[in-house]
Every structure is written in structure tokens, then in C-alpha cells.
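1. Need the 3D shape of this:
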Amino acid sequence: MSKILLLTAFLWSWSVPLVFAQTTDLRHLKEERLRLQKKADFHSDTAYLNVINQIAFLYADSYPDSALQLTQANIADCQLTGHSKGETNALKITGTAYLTKGDYANALAWYRKSYENAEATGDKSAIPGIRNNIGLVYMNQGNYAASLNEFYGALQAARENGNRFVMASVLNNIAIIHFYQGKFRESERTYHQTLAIAQEMADTIGIILAYNNIAEVNIEQNALPAALQNLNRANTLANRKNNPEMQTIVAHSLGNTYLRMDSLNKAAAYFSTASTLAKQNNYSTSSCKALIGLARVYARQGKWQDALRNGLEALELARNMGHTQLLRDANEIVSSVYEKTGDGMNSLLHYKAFKLYSDSLRNLESQRIAIVYDAKLEFSKKEDELNRKNLQQQWLIFSAFAGLVLLGVILWIVNRNRTKLNHTYKELQQQHVVIESERKKAEDALIELRSAQAQLIQSEKMASLGELTAGIAHEIQNPLNFVNNFSETSIELLEEMREELDSGDTDEVKAIATDLSANLERINFHGKRADSIVKGMLQHSRASTGQKELTDINALTEEYVRLSYHGLRARDKSFDATIEEHFDPQTGKCLLVAQDMGRVILNLLNNAFYAVHQKQKTDTGNGYVPTVRVSTQKVDGKVVIRIGDNGNGIPESIRNKVFQPFFTTKPTGQGTGLGLSLSYDIITKAFGGTIDLQSREGEGTEFTITLPA
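-> Numbers count the residues shown, from 1 in each chain. Prediction:
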């Protein structure tokens, strides 16, 4: 309660616009309004517009909805009249009413409108106060970094304008931020700066508030005697000034202090004083708080009827104002009193209301706390940096001292062990002979091991070379055989053509020419087949020259799914398959060569579509649906791509061969056996990833690619 009181009290001080009249008596203002309304053109009378602003300002703290009704009409009248200062003030008061309601978004929006209007009309005197108000919105939200930015801007503008009143107000708000952050020394120091400015201006109200706020810091530091000393100073000044508003604020603070000290009779007396003054002067918020304070004192004294009476009266006031926090506090004390008096039903009813308002405030507090952690970091960055440097220096000094101590310990140990070393020197000489002998044996064993390792490596190379040579011979021999056979046949056909030409049989010549053309087409086809095999071999042995770049894996995979599927459809219109795609939005991008990665995906997809197409040809009439599954996922900081099918699967006996160059299960002429081998090299060697295979005969196959993200 003390922090809320502190902030509310200050709002009454700094929010009064400079153009207002000296009197703040609501009754006199209403009389003045009635007098001015007798004029025919009172809506365009700037004096009338200023009075409406004054009344709205006094309503903004206790009856914000009534204040909003007044300002909305007054803004329009000020605009029609061209009263720019009045419009700026009305916009600012609207923001203050929303701030009282806890509607920070609207409060900020209306304060910004007021700021923009002041800038547009050149009203520089209003800008410091408006920025101060914007800072208060951010402070209520817990965004201390943004709040301080506005406060320091307001402070600079106030200095330029020579407005010491706003300077004191801004310093007070900066002190509040220190207070909320638990930096009580900084808070108290800044409050004393506020006090000094108020004393220079002979601003008694500012002096009273400064003493009151310093006392709040004393209370948080548990320095209760100091708090009472400052509050008594404030109380003396308030009584001398005969200002009921300040008397109410200080009396309430004294009541809270004595309640904390468990001095219940004094606490009750001060709360009663605050309540009486607030009722006499129509300070609704202060009256409600004082009644809640009285209810708490009476409850602690066991005076349940008095506690209930004051609690219910406070609850009624809070309902009239629509003040969420006061509704929470009033329902809490009323529920507690009903429970103590045995009225369980009413206790439960008010406890539910307490929880409702408490949860509403807690949501705002949770948002505020979430912002505070970030704001604290930015606000204390320089301080943390200085502390870090100091800590580094302390560690350096400590390390140097520890090093000296350690050096002394080492010297002592060395000196102590020197005698022992002398005694064991002869034993070490004998052991040295043994070690030399063992070292010679180890070196001989190492030479033999390296020789055996070289032989194993050579054997592995020869075995790999044998497999590669056999694959090359097998793949190239087939198209060469076709080329040779059709070439020989073509030579024979040319001889026959000469004979028929000599005999003049043109029909036979045309038939032979047709056969010869068909032979040449076959030779051309198998020649290109051999050429593609050679290019594949060269591609397999050549490192990629592509430049690595950040590539969207989801987009790349989806593109090649379409490319592969439509490519197969173009060759065989009867082919159709279901494609199941699951792309994780969190997959992100990988640093790789997009062309090479696309080649890998295309190879795997072509194999998957081929597998389901082959099964579809043989598994007719059983309701088989060819399906290819493609998915991406980010797991433990790595990107995983899975490409699977529901084809016939790969027999277990040949699974360990699928990544070998020129190994293929496809019929001659339909595959070179280089696709999976190239894919394996690209993924493992070029991208530093892995590619794995899982398969079940008759059920399908799935390839899993894992890449570093």
C-alpha cells in the first residue's frame, strides 16, 4: 500500500497545468462554471474551457469516467475555438484519467496526442510535463528503460525552460524507479535533491511530499525512527500550511508506519484523521485507503464490528470509483472479518471477489515484472561493466597473491623432496636401464604395427579399386556392345544397299535405308548412354566448385519434390503417386551448396518414385496406393530430412552396398549406380552430415539425412 500511496500523492502535485487558476476548490470551480454558462457563447469562452479542464483534472484521480466525459466534449470545443493550450491540457488530462483506470495503452496514446499538439502549436512550456507523464505510464508498466528515457528528456526540457517545478517532479519520479528497483540509497539521495529544489522555491507542498517520500524509503530500510522523524516534519508543515490534501497524505503514511510498528492505537488515530479529512474534502481515493487502514487496525485489535463497518464503507467507495486495487484490498479485509465472525457465506463471497481483482492486478504485475528484468539490464549496464572490471582487478590481485603462495609451497616441497631424490637417484638409474629396454621393444612393435597398417590400407584400396573397375567395365560394356553390334549390322546393310542399287530395286533400297536409320538411332542412343556414364564417373571424382550459402531447406526440398514427380509423369503419363509432406517451420536455413543438395534430394526422390512405380506394376488388384513421404525437422540443433516410400524395400543382403559406386538394382539402361554414391559423398564429405538407410522387404524404404544447422 505504501508504494501506491507514494505514487498517487505525487500525481496530485505535478499534474496541475500552469494555466489553471490558483484555487483548486471543486465547489468554487462548479460555481464558476455555472456563472460562465450564462453567457450565450460560453462554449467558445477560453475561461470556461479552462474551468472545465480544472474540474476534469480534479475528477481524474477519483472519478476517471466522469473526467473522460468532460474532456471529450472540451477537446472538441477547444478545437473549434482554436484554444490550442486548452486542447493540449484536455488531451493530457484524458491520459491521466486512463492512467488512473490502469488502461496504460490509452493513457500513452492520449499523452502522445497532447505532446504532438504542443509541438505543432509551439507550446514548449507544456512539453516537459507531458514527457514526465509519458514516463509515468512506462514506469507503471515496469518498462524502466523507456521511463528513464522520457524522464531525462523531460528534465533537460525543464532546465531549458527554467521550470524548476517540473525538474523537482521528474527527479521525484526517478527516485521512485530507484525505490521500485530496491536501490534505496540512490532513491533517498534523489529525493533529497527534490527536497532541495522545493526548499529553494519555498514550495511547501513539494517539501511535504519530499519528506513523506523519504520516510517511505526509511520504512523499507526498516529505519522506523527516521521514518517517524521525517513524517513528523511533513505533518508539522502540512498543519502549518493548513492544507487538507497534504494533511491526509501524511496522516495516512503515519498510520501505516505505526501499524507496521504494531502501535495500533496510534495507527487508528492517524487513519481516523486521514479518513475525516478525506471525507470533508471529497478525496475519494484517500478516504477509501484510510477506511481500509482502519479496518485492518480494528481487525488486529479484535474489534470485528468496527472492522466490518469500515471495510464495507471502503468497499462501497471503491465500487463507486471503479478502482481495481482498492476493490481487491477492501474485499480482502471484509472477507477476513466475515471469516473471523463465523459468517462463512459472506466470507466466501468477498474472497471470490478478492481473487478476481487480485488475478486481474497480478496479470498486469506479471507483465511488468517480465519487462523489469530487461529494463534492469539496460538501466544498470554501465554499473555492471564497472563492477565487472573491478572484479577482474580483484581477481588479478587475488591470483597474483595465490601464485606467490603457491610458489612458496612449491619451493618448500621441492626442498623437502630434494633429499629424497638424492636417495632414490641410484634406483632411478637402474630403472632407466629397464625403461630403455622396454622402449626398444615398444619401438619395434610400433614399426611392425605401422607395416601391418600400411598393408591393410593397401589391401582396402585394391579391393575398392577392384569393385570400382568391375562396375565401370560392366556399365560401359553394355552400351559399347550395342554400338559395336549395330555398327556391324549397319555395314552389312550398306553392302546390301549397293547390290540393290545396282539391280535397280528402289523399294528394297528404301527398306534397307529405313533399317539403317533405325540402327543409327540405336547407336546414337547407346553412345549417349556411355557418355552419361563417363560424365557421372567424372562428377563422382570431382569436388564441387559451388559456393556455400544459407539455403532454406523447406523451400529447396519442396521444389525438388515437384521437380522429381513431374519429371516422372512427363515420361510416363500412367504413373501416379500420393505425396505426404511434413515441413517443420523451425527447420530454418543451412550453409551448403544448394545445387549439390538439390541433386541429393532429387536422387533419393527419383529412387522412391521408381520403387513405388515398380510395386504398382506387380501389385495390381490389392488396393495398393503408391506413397512417398517427405519431411523436415529440427532436432537438437540439427536439420533432419527424411524421404521414404512404401515400395518393395531393399533386401538385407545388399543394404550395405547401396552407397557403393556403380551398384544398382535397376535393369540395364535405367540406372548408372552413381546416384546414391554421389549423394553419400556430398552429404558426408562436402556438408559434414550423415545419411542413413532403414528398409523392410515388402514394406518400403526410408533415407534419413542429418545436417548441421
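
2. residues making contact with stretch 500-516?
-> 490, 493, 494, 496, 497 (C-beta atoms under 8 Å, 6 or more residues apart in numbering). Every residue, glycine included, has its C-beta placed from N, CA and C.

3. Mind checking which of these land in helices?
-> Secondary structure from DSSP state H places 490, 493, 494, 496, 497 of the contacts of stretch 500-516 in helices.

4. Narrow those residues to those that are buried.
-> 490, 493, 497 (16 or more other C-beta atoms under 10 Å).

5. secondary structure element for the closest residue in space to residue 283 that isn't next to it in sequence?
-> Once flanking residues are discounted, residue 283 sits nearest to residue 248: 5.8 Å by C-beta to C-beta, 6 or more residues apart in numbering. Taking DSSP states H and E as the criterion, residue 248 maps to helix 244-260.

6. in that helix, what's buried?
-> 244-259.

7. Which element is encountered next along the chain beyond it?
-> helix 264-280.

8. helices and strands around that following helix, which ones?
-> Counting contacts by 3 or more C-beta pairs under 8 Å, 6 or more residues apart in numbering; DSSP states H and E, helix 264-280 packs against helix 244-260, helix 284-301.

9. Which pLDDT value goes with the residue nearest to residue 283?
-> pLDDT, residue 248: 91.

10. phi, psi of the residue in the chain sticking out farthest from the centre?
-> Among the C-alpha atoms of the chain, the one most distant from their mean position (C-alpha atoms, centre = their mean) is that of residue 503, at 92.2 Å. In terms of degrees, to the nearest 10, the main-chain angles of residue 503 are phi -80, psi -10.

11. what's around the spatially closest residue to residue 637 that is not a sequence neighbour, how many residues?
-> Nearest residue to residue 637 in three dimensions, chain neighbours excluded: residue 709, at 5.4 Å (C-beta to C-beta, 6+ apart). Using other C-beta atoms under 10 Å, residue 709 has 16 other residues around it.

12. just checking, residue 709 touches residue 636?
-> No. Contact criterion C-beta atoms under 8 Å: residue 709 and residue 636 do not qualify, at 9.3 Å.

13. returning to what we had before: the residue nearest to residue 283 is in contact with residue 280, isn't it?
-> No. Judged on C-beta under 8 Å, residue 248 makes no contact with residue 280 at a distance of 9.4 Å.

14. Now for residue 637, how many residues are close by?
-> Neighbours of residue 637 (other C-beta under 10 Å): 7.

15. quick one, what contacts the residue nearest to residue 283?
-> 274, 277, 278, 281, 283, 286, 290.

16. Quick check: the farthest pair among those?
-> 281 and 290 (12.1 Å; C-beta to C-beta).

17. quick one: low-confidence parts of the stretch 351-500 of the chain?
-> By pLDDT under 70, the weakly predicted segments of the stretch 351-500 of the chain are 360-390, 421-422, 425, 428, 449, 452-475, 477-478.

18. mind listing the helices for it?
-> 381-503 (DSSP state H, counting those that start in this stretch).

19. same question, the stretch 101-250 of the chain
-> Going by DSSP H, counting those that start in this stretch, the stretch 101-250 of the chain shows helices at 104-120, 127-141, 144-161, 164-180, 184-200, 204-220, 224-241, 244-260.

20. Dump the helices and strands packed on helix 264-280 into TSV; add distance to residue 144 as well.
-> Formatted as TSV, these follow (distance: least, C-beta to C-beta, whole Å):
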stretch	distance to residue 144
helix 244-260	24
helix 284-301	25
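
21. Which one of those lies nearest to residue 71?
-> Going by C-beta to C-beta, the one of the helices and strands packed on helix 264-280 nearest residue 71 is helix 284-301, 18.5 Å.

22. any idea of the angle the closest one forms with helix 244-260?
-> 20 degrees (axes from the mean of the first three to the mean of the last three C-alpha atoms, to 10 degrees).

23. Which neighbouring elements make contact with helix 284-301?
-> Checked by 3+ C-beta pairs under 8 Å, 6+ apart, helix 284-301 has helix 46-62, helix 244-260, helix 264-280, helix 304-321, helix 324-340 packed alongside it.

24. can you list the domain ranges for the protein.
-> 19-124, 383-516, 549-708 (automatic domain parsing).

25. Next, the distance between the ends of the last one.
-> It refers to domain 549-708. One end of domain 549-708 to the other measures 14 Å (C-alpha to C-alpha, to the nearest Å).
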